[in-house]
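Visitor: Below are the sequence and a predicted model for it; my questions follow.
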Amino acid sequence: MLNSIVFPGQGSQYLGMGKYLYDNFKVSKDVFDEVDEALGQKLTQIIFGENQDDLNLTTNTQPAIMTVSVATFKALEEEKGLKILDFKYCAGHSLGEYSALVLANSLRLSDSAKILKKRGEAMQSAVPVGKGAMAAVLNIEIDELEKFINQKEYKTVQISNDNCPGQCVISGEKSDVENIVLLLKNELNKKSIKLPVSAPFHCDMMKPAADELKSFIKQFSMTSPQIPFVSNVSAKPETEIEKIQDLLIECVFSRVRWREIVNFFIKDGITKLIECGPGKALTNMTKRFDSQINSVKIDNLDDLKKYE
């Protein structure tokens with residue numbers, strides 16, 4: 001069986017995620033502790049706390065999801081004897097790319113936490129709160145949506161996520177996104193859901209954040225991943241470290257090409273995808289593909305015990 005491992009991105013967070021890991025696996029608790037120390041803050045208290053707004057702050061969300069994803073894999077390693085070399089490819093949805101690179105031994109855990117904290121800060125400060133927006137557009141294929149956006153000439157609106165068949169996300173200035181959502185409903189009878197995000201990710205409005213992150217990320221040393229890493233930007237395997245660094249910067253303002261990544265896995269004969277981390281967003285996306293690929297989520301103790 002050919003397996004790939006994938007890691008979730010923003011939107012998968014929930015209060016208490018990974019608490020079962022912290023309580024049951026020392027290798028996982030060590031991950032939480034190392035991130036707290038690297039950031040000089042008790043991120044673990046925010047993750048296990050009671051304030052969803054604190055966790056939803058993108059500066060906290062990004063390192064938090066990575067921490068839980070890495071801690072999940074460490075428990076899998078210990079409990080099931082799984083190794084990163086057991087997988088043909090690794091990939092992550094947006095910030096999930098950092099989880100993939102940590103576990104492919106390309107990037108240190110503490111460095112990844114610092115980069116994601118900075119990435120979150122840069123993305124949040126690139127656009128004033130309330131100026132940008134994102135919306136998921138349902139039951140529409142990307143070509144039809146692209147054509148519609150171009151016809152309406154809303155300059156700031158771009159497709160930020162091509163997630164799976166029939167599901168795209170758009171980003172841009174709040175007024176433009178709201179107008180195009182209305183037009184999609186009135187003219188094409190398409191439903192859209194406004195996303196509870198604090199900035200318009202993966203569009204040109206994020207270019208200042210990419211510039212800010214570029215100089216920061218270069219401070220950290222990275223090595224070639226132990227298994228091929230499939231990039232959100234190129235939608236193909238990458239192993240050369242300078243190219244991967246450039247793609248990580250580009251990812252901040254570029255479209256997440258997740259549908260193409262899954263199609264690449266399917267064409268290459270991958271039969272099983274393991275989603276390692278909080279939630280089941282990627283597993284649900286995979287179900288929308290017409291394929292035999294089996295997607296398995298590892299998000300709680302029961303998932304971990306049942307894994308085969």
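Guide: It's in. Residues are numbered from 1 along each chain as shown.
Visitor: Going by C-alpha atoms from here, please, whenever you check contacts or count neighbours.
Guide: OK.
Visitor: and N163, how many neighbours?
Guide: Counted with other C-alpha atoms under 10 Å, the neighbours of N163 add up to 25.
Visitor: In this structure it contacts R257, no?
Guide: Yes. Counting by C-alpha atoms under 8 Å, N163 does reach R257; the two are 6.7 Å apart.
Visitor: And the helices in the stretch 151-300 of the chain?
Guide: 174-188, 207-217, 241-251, 258-267, 281-286 (DSSP state H, counting those that start in this stretch).
Visitor: how about CSV for those helices, with mean pLDDT, mean neighbour count and distance to K194 added?
Guide: CSV is the format used below for these (pLDDT from 0 to 100; neighbours: other C-alpha atoms under 10 Å; distance: least, C-alpha to C-alpha, whole Å):
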stretch, mean pLDDT, mean neighbour count, distance to K194
helix 174-188, 95, 16, 9
helix 207-217, 95, 18, 22
helix 241-251, 96, 18, 22
helix 258-267, 97, 20, 20
helix 281-286, 95, 20, 17
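Visitor: Quick one: closest of these to K83.
Guide: helix 258-267 (19.3 Å; C-alpha to C-alpha).
Visitor: tell me what that closest one is packed against?
Guide: strand 158-164 (3 or more C-alpha pairs under 8 Å, 6 or more residues apart in numbering; DSSP states H and E).
Visitor: What segments of this structure are strands?
Guide: 3-7, 89-92, 132-138, 158-164, 167-173, 192-194, 229-230, 237-238, 272-276, 294-298 (DSSP state E).
Visitor: partners of the fifth one, with directions?
Guide: Same thing as strand 167-173. Here strand 167-173 is paired, per DSSP bridges, with strand 132-138 (antiparallel), strand 158-164 (antiparallel).
Visitor: Output the ones you listed as CSV; include the columns mean pLDDT.
Guide: Shown next, in CSV, are these (pLDDT from 0 to 100):
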stretch, mean pLDDT
strand 132-138, 94
strand 158-164, 97
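Visitor: could I get the ones you listed as JSON lines with distance to E78?
Guide: As requested, these are exported to JSON lines (distance: least, C-alpha to C-alpha, whole Å):
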{"stretch": "strand 132-138", "distance to E78": "37"}
{"stretch": "strand 158-164", "distance to E78": "32"}
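Visitor: For D302, which of the helices of the stretch 151-300 of the chain is the nearest?
Guide: Closest among the helices of the stretch 151-300 of the chain, using C-alpha to C-alpha: helix 281-286, at 16.3 Å.
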